[in-house]
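Trainee: Just a sequence and a predicted model for now, questions to come.
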Amino acid sequence: MSGNGIRCVAKYVYDMNLSDKDKIVFETGAGKREVKRTQRGFEVNMGKPQIIGKINYHNLELFKVSVGNPHLVFLGDFDYELFFNLAPKISRGENANVEFAKVKDKNSIEVMVFERGVGETLACGTGAVAVFSVARERNLVDDEAKIIFKGGSIFVSKKGEYFFLEGGANLVFSGFVKLS
């Protein structure tokens, strides 16, 4: 399940005029996900993330979160050196995506992400939801927050029991493939 990927697929569906409905439901490995168009772009119902425990690694408390894929979330002060030294080891050892996050205020969180099998990435939709769910449970953020990654920002909100990922999607490349 890719939170950012599903928003990109929704953009493609609308850009190619494959649907004129305001909401589309996609079947994913993590269950059905509803996407709707909004002023900010696209909003995905990401379901109910589950905080399933904690681990300690080199005196860091990391929260285990499932958003259809595994995440380990550290909330607190950190520097880039700490992230680059520990995130790859944690990811390999736990077979999970790793997010280091600093809560700036009740409405914004800065995040660095290391995705399992990939390395550092510029953003991660499910990671944004994982980070927000931990910060929200600890009452560090309001019901909506801007999640700030190196690659841009996205919004995560909690409405009732469900968490929503919202933001734009941009076409950055198109091309043709010759099939023989």
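Mentor: Perfect, thanks for sending it. Being a predicted model, the structure only gives us computed values, none of them experimental. Numbering: from 1, shown residues only.

Trainee: Run through who's touching stretch 155-165.
Mentor: Applying Cβ atoms under 8 Å, 6 or more residues apart in numbering, the contact partners of stretch 155-165 are 3-4, 7, 40, 43-49, 125, 128-129, 131-133, 136, 143-147, 154, 166-167. The way it works is simple: take the backbone N, C-alpha and C, and place the C-beta from them, glycine included.

Trainee: how distant is it from the center of its chain?
Mentor: Mean-position distance between stretch 155-165 and its chain equals 12 Å (Cα atoms, centre = their mean, to the nearest Å).

Trainee: Report the rounded mean pLDDT for it.
Mentor: Computed over stretch 155-165, the mean pLDDT rounds to 95.

Trainee: Quick one: end-to-end length of that stretch, please.
Mentor: End-to-end distance for stretch 155-165: 6 Å, by Cα to Cα, to the nearest Å.

Trainee: Please point out which parts of it sit buried.
Mentor: Under the neighbour-count criterion of 16 or more other Cβ atoms under 10 Å, stretch 155-165 has 155-158, 163-165 buried.

Trainee: Among those residues, name the ones in strands.
Mentor: Counting by DSSP state E, the buried residues of stretch 155-165 place 155-158, 163-165 in strands.

Trainee: closest to Val65 among the buried residues of stretch 155-165?
Mentor: Phe163 (10.8 Å; Cβ to Cβ).

Trainee: Spatially nearest residue to that closest one (excluding sequence neighbours)?
Mentor: Of all residues not flanking Phe163 in the chain, Met46 sits nearest, at 4.8 Å (Cβ to Cβ, 6 or more residues apart in numbering).

Trainee: confidence score at Asn4?
Mentor: Note for Asn4: predicted pLDDT of 69.

Trainee: Next: Ser19.
Mentor: pLDDT, Ser19: 86.

Trainee: Count the neighbours of it for me.
Mentor: Per other Cβ atoms under 10 Å, the neighbour tally for Ser19 reads 11.

Trainee: any idea whether it is helix, strand or coil?
Mentor: coil (DSSP: H, G, I helix; E, B strand; the rest coil).

Trainee: For it, list the residues it contacts.
Mentor: Val13.

Trainee: for it, phi and psi?
Mentor: Reported as degrees, to the nearest 10, the phi and psi values for Ser19 are phi -150, psi 150.

Trainee: distance of Asn59 from Ile147?
Mentor: Per Cβ to Cβ, to the nearest Å, Asn59 is found 25 Å from Ile147.

Trainee: Please apply the same query to Glu27.
Mentor: Glu27 is 26 Å from Ile147, by Cβ to Cβ.

Trainee: Looking only at neighbour counts, state which of those two leads.
Mentor: For Glu27 and Ile147, the more surrounded residue by other Cβ under 10 Å is Ile147, and the numbers stand at 27 against 8.
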